[in-house]
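Novice: Okay, sequence plus prediction incoming.
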Number of protein chains: 2
Amino acid sequence: MFEAVELGHRIDKASYQAALPALREALLDAQYELHEKPDFAVLILINGIDGAGKGETVNLLHEWMDPRLIDSHAFGPPSDEEAERPPMWRFWRALPPKGRIGILFGSWYTQPLLDRVAGRCRESELRATIDDIVRFETMLAEEGVLLLKFWFHLGKRQQKARLKALERDPRTRWRVGEQDWALFRHYDRHREVAEDVLLRTSTAEAPWVAIDGEDPYYRSLTAGRLLLESLRRRLDAGRAPQVFAAPPPLLPPLDQVRVLDRLELERPLGKSDYTELLETWQGRLNLLSRDPRFARHGVVMVFEGNDAAGKGGAIRRVVGALDARQYQVIPVAAPADEERAQPYLWRFWRHLSRRGRFVIFDRSWYGRVLVERVEGLCPEPAWCRAYGEINDFERQLTRHGLVLCKFWLAIDRDEQLRRFQAREQTRFKRFKITAEDWRNREKWDDYSAAVHDMVERTSTSAAPWTLVEANNKYFARIKVLQTLCEAIETRL
Amino acid sequence: MFEAVELGHRIDKASYQAALPALREALLDAQYELHEKPDFAVLILINGIDGAGKGETVNLLHEWMDPRLIDSHAFGPPSDEEAERPPMWRFWRALPPKGRIGILFGSWYTQPLLDRVAGRCRESELRATIDDIVRFETMLAEEGVLLLKFWFHLGKRQQKARLKALERDPRTRWRVGEQDWALFRHYDRHREVAEDVLLRTSTAEAPWVAIDGEDPYYRSLTAGRLLLESLRRRLDAGRAPQVFAAPPPLLPPLDQVRVLDRLELERPLGKSDYTELLETWQGRLNLLSRDPRFARHGVVMVFEGNDAAGKGGAIRRVVGALDARQYQVIPVAAPADEERAQPYLWRFWRHLSRRGRFVIFDRSWYGRVLVERVEGLCPEPAWCRAYGEINDFERQLTRHGLVLCKFWLAIDRDEQLRRFQAREQTRFKRFKITAEDWRNREKWDDYSAAVHDMVERTSTSAAPWTLVEANNKYFARIKVLQTLCEAIETRL
């Protein structure tokens, strides 16, 4: 693809200056329109050859538009807080909310590219990374993010001349370091790998745009025009394009047998056996949490289940074995307004913690395929694609060394009724039962269908679902503790 | 004060067990009541002697209550992201929102205490720190935070015995390290300094509670009861106590001359002189931003001013001299819901960046004493105390090595009218003028009074206000750039 770029594209100063006023006015206009009606976010990735005018162009975009509505982030070496979380955490952290333009200098492409050029990763690993990137960007597009990917390019001769020129000028000498020349020595390899990656990640939703960086007028006007055209097209369309307009319907199993139907919910476990087992497993969990090897890992737990299935009680038995300094419980309710302005999974990414800790989600990202699906709170295409997005998210957690345990606590309708009634009669539990709980109960079968699909689509070998027979609270709590301990032991 | 604690307080197991069920139920009840009606946050500081049962007590509190509504944070050595911001940043970051209970292991007391015990700071410095802490905690109290400060105590003999016992038990041996014994060797000094600090920081709103840590039953029940009583009292009162119920009124100067009256708003500066000066000062600012010494500092800028005074234009001329990777512009509008659940200044603390960067606030924390005061959006006691809180906040910024520049851009009523009318006629500026702008204009005199008081109360030598005569945009922009450059130069 770069042959078409390395043609020495240029325009003259007069044409540039003639075009500029209208472009700037239109850009500002589009920017304010986006701000006034914040339906989507704009994300611009800036990658390319050193010396090809990346910084200059971004500075110009800031000058042409209103910098108050732009968030720029540069990614150098990760901070210690970033290094202790999955690699994508720092990028999620930098995503712009709806109504704003985010510019990322360096991106999720930078490290894989450099690693491959330097031979630190194999071709097959790069392929796997590219797959992940394509899926991530598809998710962004489907969440309505307008994603623009700019590659600022220079031919080999041009780059050499440019680096030399920067070195000659005392005002820009600081910008050229040994690592720039080191990378230049790998120019051919860099060009080859970059071309491969760009071609493979140029999707319909987010194609790469390679820009000849030699002539400042040409590259600036090209970038500005592209941004303007993309913004205008989206603003005028009034809504994001539907990538999967009509997903194939999820059919129930023909024999109507669902995962929960095969569970024997009533399991025997008496109080005295329970007390003994509780002590055993809590002790084991406590030892594991203080194992020196655990400090390199961490645990993410997800608790889902029928209303009144005993999630809270199970969580308390887990944290009862832990030091309060080592865990955090995240109760998931309706999203805050800053969360609604971001892609769905943003509100969960932000709670991921540093290594050696337990993060416990009381309800979770599965809300999308459970309550949001059943209650019609999000459109069908959105919850249908959530299964894949969730798998991608969870794969990043487990690949980072986190132990991920997902529990569905299951009780039957009669047991739920008994518990609802008991709650209404206990003073300090009266807050736990609301009109909504009674309403949800009406949709028992819909929830069962949703659970079935969820388990079918998101129970993976690295992050399996554990279905917990929870009519007997004692049994349920022990099963949760045991599953957790064994998952950690397998991982250490 | 510790004599009254070191009495070997204890209760027997039977009394403890008899009291526990009612305590737990009442605690849960209070916790859910707080959660259902989130009027305030609860913040518990855990400090004291090693081995006095701090961790054990907090774990018990988690066990007794619903851990899903508690946020615990432990503070070890700061991460690099924390170390590059003012010291209080990490604590602001950990504040619980309304409706939740936050527990801090270690707090803003830990480092000053240890530093004084080790002789790393002087008595006078400790005094200054204590002053800051008292002011900070008063602010929390006035923002409605219920602040409980627990000091878990042990006599010297008891601590030695406790550390030895921990060492003997293989399950707890890991908890005692060389640094614990090192601190024990300074026991007397530690006790002396702690007592002094505790007495000085025991205010009416947030007194310290020292708890004898030797007997687990005694200390746990004491902590639980204290938490319950404090929670209940606040819940039953229905609202936070008014610390300053009736602040003395702010009187205008008797001669009615206000700071803005003395400004000569019309300043001459022609376009060609402006262009030349702009280049000069932008060049100087660019050099400063790349000065190696600047990497240890950073800039925080505040832009306030009449509507249409040219804040946006001035900001663009500043960032025009900077690399887009080095700055962030924070437009301040209505708070998000997560921000409303926190003390007022939280939404500004969260935007402070790492060293070597520019953070530019387009409107700022001064909204409280400007628009919120004039429009009656917050009660008089709240904006009256904001002056002092803002000064405390800004002192932390400048003490951290940040250069803080605050600009008020002033135009007169006629000039504003001209600009409003011009904006309404320019397509890409039409978003900049709203009905609210016209309404604010009606209150011109009220705003002038508010600006006068603001300058009188918050212009300090470390963070002075710069009043910018802005009828002539050219003049205003140059004055902003020049002031900024000179402020950085003075600081480097």
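Specialist: Yep, it's here. Worth saying up front: this structure is predicted, and the values here are computed from it rather than measured.
Novice: how about the strands in chain A?
Specialist: Assigned by DSSP state E, chain A shows strands spanning A:42-48, A:70-74, A:101-105, A:146-153, A:208-212, A:299-305, A:327-331, A:358-362, A:403-410, A:465-469.
Novice: Determine the set of other helices and strands touching the fourth one.
Specialist: Read that as strand A:146-153. On a contact count with 3 or more Cβ pairs under 8 Å, 6 or more residues apart in numbering or on different chains; DSSP states H and E, strand A:146-153 meets strand A:42-48, helix A:54-64, helix A:123-142, strand A:208-212, helix A:216-237. Backbone N, C-alpha and C define where each C-beta goes, glycine included.
Novice: Note down every partner strand of that strand and its orientation.
Specialist: Partners of strand A:146-153 in the sheet, by DSSP bridges, are strand A:42-48 (parallel), strand A:208-212 (parallel).
Novice: near chain B, which residues of the stretch 251-400 of chain A?
Specialist: Within the stretch 251-400 of chain A, the residues that sit near chain B (Cβ under 8 Å from any Cβ of the partner chain) are A:290, A:312, A:315-316, A:319-320, A:323-325, A:327-329, A:331, A:336-338, A:362.
Novice: want to try a markdown table for the strands paired with strand A:146-153, with mean neighbour count and distance to A:S72 as columns?
Specialist: Output for those, formatted as a markdown table (neighbours: other Cβ atoms under 10 Å in any protein chain shown; distance: least, Cβ to Cβ, whole Å):
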| stretch | mean neighbour count | distance to A:S72 |
| --- | --- | --- |
| strand A:42-48 | 23 | 9 |
| strand A:208-212 | 22 | 18 |
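Novice: Please identify which of those strands is closest to B:A41.
Specialist: strand A:42-48 (34.2 Å; Cβ to Cβ).
Novice: follow-up on the earlier one: looking at the strands paired with strand A:146-153, which is nearest to A:D132?
Specialist: So among those, strand A:42-48 is nearest, using Cβ to Cβ, at 15.4 Å.
Novice: I would like the residues contacting that closest one, please.
Specialist: A:34, A:54, A:57-58, A:61, A:95-96, A:100-107, A:109-110, A:113, A:140, A:145-154, A:211, A:213, A:227, A:230-231 (Cβ atoms under 8 Å, 6 or more residues apart in numbering or on different chains).
Novice: just how off-centre is that strand within its chain?
Specialist: 17 Å (Cα atoms, centre = their mean, to the nearest Å).
Novice: Kindly report the same for stretch A:327-343.
Specialist: 14 Å.
Novice: List the buried residues of that stretch.
Specialist: A:327-332, A:339, A:341-343 (16 or more other Cβ atoms under 10 Å in any protein chain shown).
Novice: how about it as PDB, C-alpha atoms only?
Specialist: The C-alpha trace of stretch A:327-343 is given here as PDB (Å, rounded to 0.1, in the frame of the first residue of the first chain):
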ATOM      1  CA  TYR A 327     -10.100  -7.000  48.200                       C
ATOM      2  CA  GLN A 328     -12.700  -4.800  46.800                       C
ATOM      3  CA  VAL A 329     -16.400  -5.600  46.200                       C
ATOM      4  CA  ILE A 330     -18.000  -3.800  43.300                       C
ATOM      5  CA  PRO A 331     -21.800  -3.800  43.500                       C
ATOM      6  CA  VAL A 332     -23.000  -3.200  39.900                       C
ATOM      7  CA  ALA A 333     -26.200  -1.100  39.600                       C
ATOM      8  CA  ALA A 334     -27.400   1.300  36.900                       C
ATOM      9  CA  PRO A 335     -24.400   3.100  35.200                       C
ATOM     10  CA  ALA A 336     -23.400   6.600  36.200                       C
ATOM     11  CA  ASP A 337     -23.600   9.300  33.500                       C
ATOM     12  CA  GLU A 338     -19.900   9.200  32.900                       C
ATOM     13  CA  GLU A 339     -20.200   5.500  32.300                       C
ATOM     14  CA  ARG A 340     -23.100   5.900  29.900                       C
ATOM     15  CA  ALA A 341     -20.900   8.100  27.700                       C
ATOM     16  CA  GLN A 342     -18.400   5.300  27.100                       C
ATOM     17  CA  PRO A 343     -18.500   1.800  25.500                       C
END
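Novice: Leaving out sequence neighbours, find the closest residue to the spatially most central residue of chain A.
Specialist: Centroid-nearest residue in chain A, with Cα atoms, centre = their mean: A:L345, separated by 5.4 Å. Nearest non-adjacent residue to A:L345, counting by Cβ to Cβ, 6 or more residues apart in numbering or on different chains: A:F393, 5.5 Å away.
Novice: what does A:Q416 give?
Specialist: A:A308 (5.4 Å).
Novice: do A:K156 as well
Specialist: A:Y187 is the one closest to A:K156 (Cβ to Cβ, 6+ apart), at 4.9 Å.
Novice: returning to that earlier point: quick check on the residue nearest to the centre of chain A: phi, psi?
Specialist: Main-chain dihedrals, A:L345, degrees, to the nearest 10: phi -80, psi -10.
Novice: any idea how far B:R122 is from it?
Specialist: 50 Å (Cβ to Cβ, to the nearest Å).
Novice: follow-up on the earlier one: right, and the helices and strands packed on strand A:146-153 - which one's nearest B:L28?
Specialist: Between those, helix A:123-142 lies closest to B:L28; by Cβ to Cβ that is 39.9 Å.
Novice: Now the closest one: buried residues?
Specialist: Here helix A:123-142 shows A:126, A:129-130, A:132-134, A:136-142 as buried, counting by 16+ other Cβ under 10 Å.
Novice: quick one: which of those is nearest to chain B?
Specialist: Comparing those against chain B with Cβ to the nearest Cβ places A:L140 closest, at 21.5 Å.
Novice: got JSON lines for the helices and strands packed on strand A:146-153, with mean pLDDT and distance to A:A30 too?
Specialist: Shown next, in JSON lines, are the helices and strands packed on strand A:146-153 (pLDDT from 0 to 100; distance: least, Cβ to Cβ, whole Å):
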{"stretch": "strand A:42-48", "mean pLDDT": "96", "distance to A:A30": "10"}
{"stretch": "helix A:54-64", "mean pLDDT": "93", "distance to A:A30": "11"}
{"stretch": "helix A:123-142", "mean pLDDT": "92", "distance to A:A30": "19"}
{"stretch": "strand A:208-212", "mean pLDDT": "92", "distance to A:A30": "18"}
{"stretch": "helix A:216-237", "mean pLDDT": "93", "distance to A:A30": "4"}
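Novice: got any ranges where the stretch 301-450 of chain A has weak pLDDT?
Specialist: A:427-432 (pLDDT under 70).
Novice: Give me the helices and strands touching the helix of greatest length in chain A, please.
Specialist: Assignment by DSSP state H gives helix A:13-36 as the longest helix of chain A. Counting contacts by 3+ Cβ pairs under 8 Å, 6+ apart, helix A:13-36 is packed against helix A:54-64, helix A:216-237.
Novice: Among those, which comes closest to chain B?
Specialist: It's helix A:54-64; of the helices and strands packed on helix A:13-36, that one is closest to chain B (Cβ to the nearest Cβ) at 4.6 Å.
Novice: Buried residues in that closest one, which are they?
Specialist: Buried residues in helix A:54-64 (16+ other Cβ under 10 Å): A:54-62, A:64.
Novice: ok, which pair from those residues is furthest apart?
Specialist: That would be A:K54 and A:W64, which, of the buried residues of helix A:54-64, are the farthest apart (Cβ to Cβ) at 16.0 Å.
Novice: so A:R350 makes contact with A:R90?
Specialist: No: at 11.8 Å, A:R350 does not count as touching A:R90 under the criterion of Cβ atoms under 8 Å.
Novice: When the two are compared, which one has more neighbours?
Specialist: Between A:R350 and A:R90, A:R90 has the larger neighbour count (other Cβ atoms under 10 Å in any protein chain shown), namely 18 against 14.
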